[in-house]
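Colleague: have a look; sequence and predicted model below, questions after that.
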Amino acid sequence: MSNGFEKLKISEKFHTFLENLSEQAEIKDRIPFIGRDKELEAVMETLLRKLKSNILLVGKPGVGKTALITEFASRINSGDIHPSLKGKVIFELSMNRFFFSGKSDNNRVKEFEDLFEELIKDRDRIILFLNEVEIESITGSIKEENSIGIRNLLKSYFINRELKLIAATTPDYYYRSMKSDDFMSMNFTTVFLEEPERSEVLKIFNGISGYFENYYSLKIRKDMFNKIYEFSHRFIPHRYFPGKGVELLDASCSKASVKGERRLTAENIYKSISDITKLPPNIIELDPIKHASGMFSYLKKKVVNQNIVLKEIVRVIKLSRYEKDKAEQRSEGVFLFLGPPGVGKNFVAGEISKYLFGSDEKLRVIDLSEYKKPEDNSKLIVGEDGEMGDMIKEFELHPFSVIFFENIDKTHKATLTFLKEMLSKGEVLDQRGKKYYVSNKIFIFSLTKIGDEVSQNQIGFVKGNKTLNRLIVPPKIVDILDWVDEIIEFSPLCKESLEKIAVNEMKNIAEEISKRFGRKLIFDKKISKMLSARAEERGGSAHMIVEFVERQIRLKVIDYTTGNSSESGNIYVKLKNNRIEITENKKK
């Protein structure tokens, strides 16, 4: 099939940036278009108008702006249209693809002008669909004088009405930059595409299910539509229906097909969501509020002597998940963790990530001591190589995670202000204007300065009914109190608690050795007492215990087990002359 460019004499160099939607509409295996009769009628009526016949199509990502115009092209092709629109061809121009094509600034502006000149030659036949019309973000990538040139070119085309134009943008950009623009209001008629209600989305799923059943040669039960809707809504919150639901349906059917299954199952949906979110399927299938409710029982088995702290953390996260539908943009919790080194701040954060998100790799640590200058906060967005900055990288690679900011007392106030604004808005933009959201993440700010005396430049502070007289911090940190959900003050660890931590650490090693080598590990009880006494002498820090167990016990046991030991029998870890000694009970 011809792509239509040759008939309309459009130069080959522009083919990369244009899509012939009239030909796309004729593809036999195109997904059926369901609904939107009111919006389609509005498009046709506007194109027939004498005045303001240009259309500004406003809708969130995924509501189907391109699909709507493709369906309109299909109706033109079928003749089911007003006579004056018959024979029209609709081309889509991707603005982002054009302006990020790698051309030099001057070349891009010149080629933009050349392209329009070619399109205008066939203005009686062409309707141009300008997708992704966000001129500020596009032209922000090129020199100011050239961006002004592009704006002026576009305005001249709009004013002269030499082409029938349909422009598409998002509500954010429309209300920020277009609604108040007198030029846009004089030359464009706005058509809004709202996200459909649940009942409408389910009708769409039902209407397109036959297409996917035929394509993948499988059966889709109607009860799967509710699951597709529910999991799209919960795990893909910042894209919109019907697009995100249709994509999940397609991906889930593909998984079933690859496995040779004849029916779409909930497991296929869970695994498809897992691919998108990087969460394990067993986490995805859980009810989010019930899952959060079980977190305290899990954490108190792992964390020693911090039950009050754990209850506060769980309370905030449960409430956040309960109110998710009311505040989709907010995070799952913002905490200020306070306490001296070694009381378990990092450990608790890691266990939260394991429980909620399935892995301690979901704990992402950002050291704010690297942001000491006012301008350093830009490194959170853009790296030195021009690629993703430290925080944007974590948002991109770990959409469901615990973001742990350490050394907050060593960062510049400008960085804290930037983070405050991000958490308040619920979103942040990267260098190209792509939005990232704080939802589905937990943010923890860690501070260790507790126990010093108040000096002239340092103060204690109060939030709610909690007085933190022992907390001595620079005044810039006080601002954090206004935007955290809860201050979590960790209790100092006594000798008994330190001994429990030592026992737990050794128990974890015993489990590892049993799984890996099938050997039973038996510890001398004097080891945990010795470690707790040493840790208490060093200020009650559990760090010393963890490091000792790792270096002096775990690594030595693994070395012993993989070395000259037998393949069976118990392994004994003893304390002899204040040194660790490893022996075994060899079976005959």
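Modeller: Received the coordinates, thanks.
Colleague: and residue 387, what are its phi and psi?
Modeller: In this entry, residue 387 is assigned phi and psi values of phi -90, psi -160 (degrees, to the nearest 10).
Colleague: quickly note the distance from residue 583 to residue 229.
Modeller: Between residue 583 and residue 229 the computed distance is 61 Å (C-beta to C-beta, to the nearest Å). For every residue, glycine as well, the C-beta is placed using N, CA and C.
Colleague: what about those two, which has more around it?
Modeller: residue 229 (20 against 14; other C-beta atoms under 10 Å).
Colleague: can you classify the more buried one by secondary structure?
Modeller: Classification of residue 229 using DSSP: H, G, I helix; E, B strand; the rest coil returns helix.
Colleague: which residues does it contact?
Modeller: Residue 229 is in contact with 198, 201-202, 205, 241, 245, counting by C-beta atoms under 8 Å, 6 or more residues apart in numbering.
Colleague: need the pLDDT of it.
Modeller: If you check residue 229, the pLDDT there is 97.
Colleague: what of residue 582?
Modeller: Residue-level confidence at residue 582 comes out at 92, pLDDT.
Colleague: over to it: give its phi and psi.
Modeller: phi -120, psi 130.
Colleague: residue 488 too?
Modeller: Per degrees, to the nearest 10, the residue geometry at residue 488, taken as phi and psi, is phi -110, psi 110.
Colleague: that one is in contact with residue 309, isn't it?
Modeller: Yes - in this structure residue 488 lies within contact range of residue 309 using C-beta atoms under 8 Å: 5.3 Å.
Colleague: before we move on, the earlier item: could the contacts of residue 229 be laid out in a markdown table, adding neighbour count, pLDDT and distance to residue 341?
Modeller: Below are the contacts of residue 229 laid out as a markdown table (neighbours: other C-beta atoms under 10 Å; pLDDT from 0 to 100; distance: C-beta to C-beta, whole Å):
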| residue | neighbour count | pLDDT | distance to residue 341 |
| --- | --- | --- | --- |
| 198 | 12 | 96 | 50 |
| 201 | 23 | 98 | 51 |
| 202 | 19 | 98 | 53 |
| 205 | 23 | 98 | 53 |
| 241 | 24 | 97 | 48 |
| 245 | 26 | 98 | 48 |
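Colleague: among those, which one lies nearest to residue 429?
Modeller: Nearest to residue 429 out of those is residue 241 (C-beta to C-beta; 23.8 Å).
Colleague: excluding sequence neighbours, find me the nearest residue to that closest one.
Modeller: residue 201 (4.7 Å; C-beta to C-beta, 6 or more residues apart in numbering).
Colleague: wait, the one you found touches residue 240, no?
Modeller: No - contact between residue 201 and residue 240 fails when scored by C-beta under 8 Å: they sit 10.1 Å apart.
Colleague: part of a helix, is the residue nearest to residue 241?
Modeller: Yes - secondary structure of residue 201 (three-state DSSP): part of a helix.
Colleague: so how far is residue 207 from it?
Modeller: Taking C-beta to C-beta, one finds residue 201 at 11 Å from residue 207.
Colleague: cool, and residue 264?
Modeller: Computed as C-beta to C-beta, the residue 264 to residue 207 distance reads 16 Å.
Colleague: more neighbours: those two, which one.
Modeller: Neighbour totals were compared for residue 264 and residue 207, and residue 264 leads with 25 against 14 (other C-beta under 10 Å).
Colleague: quick one: contacts for the closest residue to the more buried one other than its chain neighbours?
Modeller: Counting by C-beta to C-beta, 6+ apart, residue 264 lies nearest to residue 220, which is 4.8 Å off, once chain neighbours are set aside. Applying C-beta under 8 Å, 6+ apart to residue 220 gives the contacts 209, 212-213, 249, 253, 263-264.
Colleague: quick check, pLDDT for residue 534.
Modeller: The per-residue pLDDT reported for residue 534 equals 93.
Colleague: residues touching it, list them.
Modeller: Neighbours of residue 534 in contact, by C-beta under 8 Å, 6+ apart: 544, 548.
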